Each structure stands twice: as C-alpha cells, then as structure tokens.
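> sequence first, then the predicted structure, then my questions.
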Amino acid sequence: MGDALKKVRAGESLRMPAAAYNAFIDAAVDLRQRQQSQGREAQREFRQSGLVLVRNDSGADADQFHVLGIDGPLIAPDASEQNFKDRVALKGIAPTDDDHLGKFVVCIEPIKAGALGVACAAGVCQVKIDMPDEDTERSFAEIADGVTANLKALRYGSAGILWRAGGTGVQWAIVRLGKRALRYPFPVDLSQSGGSQGDETTPATWTYDVTDPDTGDSLATGVDPVSSPHKWQRPGVGQMIPATFGYAHYDKDDQLVLGWINEMVDQEACQEETGY
C-alpha cells in the first residue's frame, strides 16, 4: 500500500487519496480546536491575574501607570449579555473623590484617548504616589481628586503601599490594589489646651491637643471636639471636666475626627439634709 501523504514533485499531476484529504481535514480541525482552547485559557488567565481591558474615556492620553476611575462596564449586560460574560472590559475616566474612592485601575500600558488598553484592577503594580510628609502612618494610597498621574498617600485607602522611593512629594511606589481599608477608630491621648469649663448658664469650650498614646507623636493641636468634622456632643450648660483620652478616625479627606472623648460633667455631691 502506497503512502497516502507522499509529497508531489514539481511537474507531477496531483492526485489526492481520500486518506490524505481526511488527514488534512483532521489537522485543520485540531488546529482550530487548539486555537479556541488557547483563547479560553488566555481569557481565564487574564481574569485571574487582576488585569482588565479599559477604554480611556478621560478625554486625554493616559501614560503607562496612570490612574483611571472606573465608569462602569464597556458593554452592559442589557446591551449584550454574551459579550458582558465573555470578558471584563471597563470604561475609565479621570478619578473623582465623589465616585471613585476604591474604584480605579492603574494602566499597565499607555492608552490613548478613546482607545482600549490593559490595566491592573487588583494585585501588585507600580504607580506614582504623592507623599505630603514623612508620616509613617501613611501606609495606604487612594485616588487624588481629578488626578490621573498618581495616587496620594493616606492613613487608609484601597492600595497598600509595599514600597516607595522615600522622602516627600510625588514618587515611585509598589502597591497592592485590593479592598478599600476601613476607617477603624483608634485610641488617642488628649491634653486640654484652651477654652473654659462652662457654668450653669454657658457651655464648656475646652479644646485639646491630640497625641498618639504609643509614640507621643502629635496628631492635631487646638482641636474643638464639637466643631465639624468632629462628632462629640456636650451638654448645653454646666461645668465639664477636661478629657484625657478618646477615640478617633480619619475621614475621606484624611482629617482627624474625634468620635468619643472622656469629658465629664463636674458634679458636686448633694449636701445631706439635717433634721430639726
């Protein structure tokens, strides 16, 4: 029996046995199946890696490692449910505090305005951060309002700072993108720095210097605990004993907020009645 897959020399007439034709069809089918399988595997790896497709709708070109706020899916399920299920593709715009805290991506490649590109939505990546001071408590980063070139360093946020170049100002960093850190209350020491104790007709007006109880570092000075953004409430009148301790947190603008302090009403013991 001859070789059905024997090559034809130049000038010879082409006669294709059924076995040869079927072998070509089998090879074509196998190639198509492997290409489809590779596409599915690549899509699974793309999703698992935390990388997503983003269309740059910010109106300006985005450089590599720039930041874009997530403005929803590129294709909504009501427009095409199958395309929505096939891949994660997002719209990216200039981030704002009102809409994009914890909802942003870092561009892995330059993305021109209106074009699609790859961005990191979760995981470890490089990005520039703005470090306003050498406060070692600023171990997180978050979007800066209207800024695409960098994140800003905070005491909480959705990007944990794994490493940064050092010093202050805008600098390179390596961050871990993930779930936004909650603003848990933490203990603070208070020392009365101004104001008065109040009396039977006027409220107390104590103000405080706030320090870290572990390190003694100053966190704020001259704080009025009943003024915005603080949450403490005093009685309308009466003498108050100054506080020495409390709990605080940082708000979305990185401002210290006193939530509770151990300020107390100064009460005198009642005199005992004497009989006649």
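Done, it's in.
> hey, let's count contacts and neighbours off CA atoms from now on
OK.
> ok, the closest residue to I93 other than its chain neighbours to V127 distance?
Nearest residue to I93, sequence neighbours excluded (C-alpha to C-alpha, 6 or more residues apart in numbering): S58, at 4.0 Å. Going from S58 to V127 by C-alpha to C-alpha, to the nearest Å gives 18 Å.
> looking at those two, which is more packed in?
V127 (22 against 19; other C-alpha atoms under 10 Å).
> quick one: contacts for that one?
F65, H66, V106, N150, L151, W172, A173, I174, V175 (C-alpha atoms under 8 Å, 6 or more residues apart in numbering).
> again, but for L177
By C-alpha under 8 Å, 6+ apart, the residues touching L177 are A121, A122, G123, V124, C125, S158, A159, G160.
> now do it against R164, distance only.
Taken as C-alpha to C-alpha, the span from L177 to R164 is 15 Å.
> in the stretch 51-200 of the chain, which spans are helices?
81-86 (DSSP state H, counting those that start in this stretch).
> what are the buried residues along stretch 175-195?
For stretch 175-195, burial by neighbour count (16 or more other C-alpha atoms under 10 Å) applies to V175, R176, L177, G178, R180, P187, V188, D189, L190, S191, Q192, S193.
> equivalent analysis for stretch 140-159, please.
So stretch 140-159, judged by 16+ other C-alpha under 10 Å, has buried residues 140-145, 147-159.
> show me the domain layout of the protein.
Domain assignment for the chain by automatic domain parsing gives 51-177, 186-265.
> got the ones you listed as CSV, with distance to D30 and mean pLDDT columns?
Formatted as CSV, the domains of the chain follow (distance: least, C-alpha to C-alpha, whole Å; pLDDT from 0 to 100):
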stretch, distance to D30, mean pLDDT
domain 51-177, 23, 93
domain 186-265, 56, 92
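> which stretch among those domains comes nearest D26?
Across those, D26 has its closest neighbour in domain 51-177 (28.0 Å, C-alpha to C-alpha).
> need the distance between the two termini of the closest one.
Counting by C-alpha to C-alpha: the opening and closing residues of domain 51-177 are 11 Å apart.
> and for stretch 140-153?
With C-alpha to C-alpha, one end of stretch 140-153 sits 6 Å from the other.
> which other residues reach it?
Here stretch 140-153 has contacts from 62-63, 65-68, 94-97, 100-102, 104, 127-132, 138-139, 154-161, 170, using C-alpha under 8 Å, 6+ apart.
> so V52 touches A121, yeah?
Yes - taking C-alpha atoms under 8 Å as the definition, V52 is a contact partner of A121 at 6.7 Å.
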